[in-house]
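1. only geometry, no sequence info:
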C-alpha cells in the first residue's frame, strides 16, 4: 500500500467534531472527484470515480447517513495497472437538487457554485473536515523516505483559491500551480505537511513522517561526520607526506645531527610514523608535546631549509661572478 493510500485509509476512519463536519467532508469529496450532469430543470445526477476504496466507502457512508440517496457502486479492475476503480453513481432523484444545494455544490437558481460554500466551513472543525475530504478525493503525498511533498488536484480557479485559504486558516502555507487545465495545491515544507496531516486527523501517519525525518537527520549527521573525518584524514596524510619530503631535504642540506634536539626528535618520529596526525605524533615525544608545538617545529624546520637553500643560491651566484 502506498503512503498516500495509508493516509487516506486513516482519514476514512476520522469522525467529525460536530454534526456539520460530515456535510463539509462529503461536499469536498463530491466537488473534487465528482462529475455533475444536468438532465433538465431540477434534474441532476452525480458520478464519483476513485481508485481508493477508503474514499468510496466514505462517500457511500456519508451519502446514506445524511441524505439516504441511492448510490449504486461499480467496481472495475484494470489488468494493465493492476488496480481497482470505484464508480459511485447518484442517479436522478427528487431530493438530489436540494441535497446538492445543502452541500454548497449548487446555488439556488444559479447553477454550479464556483467556490467553497462559506456556511459549510464556519467552524474550525468543519474546515478540517472539508480539507480532509478534498485530500481523500484528490490528494497525493510522497513517501517520506524520499522528498517531502503533498498536493491536491482540483478543478476551478475560485475553488482552488478558496481551498488555499482553508489551508492558511489551519496554519498551513500552500502554493497554487495551474497544471493541464486543472490546479494543484501543493505543500513542500516538512512542518506544514505535519501540521496538515494532524489537522486532517492523520496523526498516526504524521508520526510516521516525523520518525522518517528523524532517521534522515541522523543518517545525514553520520554522513557529515564520516565525510569530515575522511577529509581530515586526507589532509593529514597529505601534510605528513609534505613533512617527510621536507625532512629528506633537511637531511641532505643540513644533516639531522646538526639540527636542534627538538627538531631532530620531530624528524625521527615523523619518519617512523608517516601516517599519524601531528597531535598523535606529539604524544610520542619525550616529554609529550601539543599539536601546536609540533606544528611550530615543522615551521622552524621549514625555515632552516629555506635559509640553507637561499644561502646555497648566494654562494653559487658569488662563485659565478
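-> That came in fine, so what should we check first? This is a predicted model, so every value here is computed, not measured. Numbering: from 1, shown residues only.

2. show me where the stretch 151-300 of the chain has helices.
-> Along the stretch 151-300 of the chain, the segments classed as helices by DSSP state H, counting those that start in this stretch run 157-169, 190-200, 203-253, 261-272, 278-282, 291-320.

3. For the fourth one, what is the distance to the chain centroid?
-> Think helix 261-272. 53 Å (CA atoms, centre = their mean, to the nearest Å).

4. Domain map for the chain?
-> 3-201, 236-320 (automatic domain parsing).

5. need the contact list for residue 142.
-> Listed by CB atoms under 8 Å, 6 or more residues apart in numbering, the contact set of residue 142 reads 3, 148-150. No exception for glycine: its C-beta is placed from N, CA and C like everyone else's.

6. show me where pLDDT drops low in the protein?
-> 78-82, 216-217, 229-230, 232-234, 236-237, 314-321 (pLDDT under 70).

7. Excluding chain neighbours, give the residue nearest to residue 133 in space.
-> Residue nearest to residue 133 in three dimensions, not counting chain neighbours: residue 28, with 3.1 Å by CB to CB, 6 or more residues apart in numbering.

8. Contact partners for that neighbour?
-> 129-134, 136-137.

9. Helix, strand, or coil at residue 104?
-> Secondary structure assignment for residue 104 (DSSP: H, G, I helix; E, B strand; the rest coil): coil.

10. rewinding a little: possible to save the helices of the stretch 151-300 of the chain as a markdown table with mean neighbour count and distance to residue 179?
-> Listed next are the helices of the stretch 151-300 of the chain as a markdown table, based on neighbours: other CB atoms under 10 Å; distance: least, CB to CB, whole Å:
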| stretch | mean neighbour count | distance to residue 179 |
| --- | --- | --- |
| helix 157-169 | 18 | 11 |
| helix 190-200 | 20 | 19 |
| helix 203-253 | 13 | 24 |
| helix 261-272 | 17 | 64 |
| helix 278-282 | 18 | 58 |
| helix 291-320 | 13 | 58 |
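
11. Save the ones you listed as a markdown table, and put in distance to residue 23 too.
-> Supplementary listing: those in a markdown table, determined by distance: least, CB to CB, whole Å:
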| stretch | distance to residue 23 |
| --- | --- |
| helix 157-169 | 15 |
| helix 190-200 | 17 |
| helix 203-253 | 23 |
| helix 261-272 | 81 |
| helix 278-282 | 71 |
| helix 291-320 | 72 |
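
12. and of the ones you listed, who's closest to residue 125?
-> Among the helices of the stretch 151-300 of the chain, the nearest to residue 125 by CB to CB is helix 190-200 (10.0 Å).

13. Show me what that closest one is packed up against.
-> Counting by 3 or more CB pairs under 8 Å, 6 or more residues apart in numbering; DSSP states H and E, the packing neighbours recorded for helix 190-200 are helix 124-138, helix 203-253.

14. Let's have these in CSV, adding distance to residue 266.
-> Converted to CSV, these look like this (distance: least, CB to CB, whole Å):
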stretch, distance to residue 266
helix 124-138, 68
helix 203-253, 8
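
15. out of those helices, nearest to residue 11?
-> Per CB to CB, nearest to residue 11 of those: helix 124-138, 5.4 Å.

16. Out of the contacts of residue 142, which end up buried?
-> The neighbour-count test (16 or more other CB atoms under 10 Å) marks 3, 148, 150 as buried among the contacts of residue 142.

17. now, which of those sits nearest residue 275?
-> The nearest member of the buried ones among the contacts of residue 142 to residue 275, counting by CB to CB, is residue 148 at 42.8 Å.

18. Relative to residue 87, how far out is the closest one?
-> Note on residue 148: its distance to residue 87, by CB to CB, to the nearest Å, is 33 Å.

19. How about residues contacting stretch 249-265?
-> Against stretch 249-265 from outside (CB under 8 Å, 6+ apart): 247, 267-268, 285-286, 297, 300-301, 304-305, 308-309, 312.

20. and the two most separated of the residues you listed?
-> 286 and 312 (33.2 Å).

21. Need phi/psi at residue 109.
-> phi 80, psi 0 (degrees, to the nearest 10).
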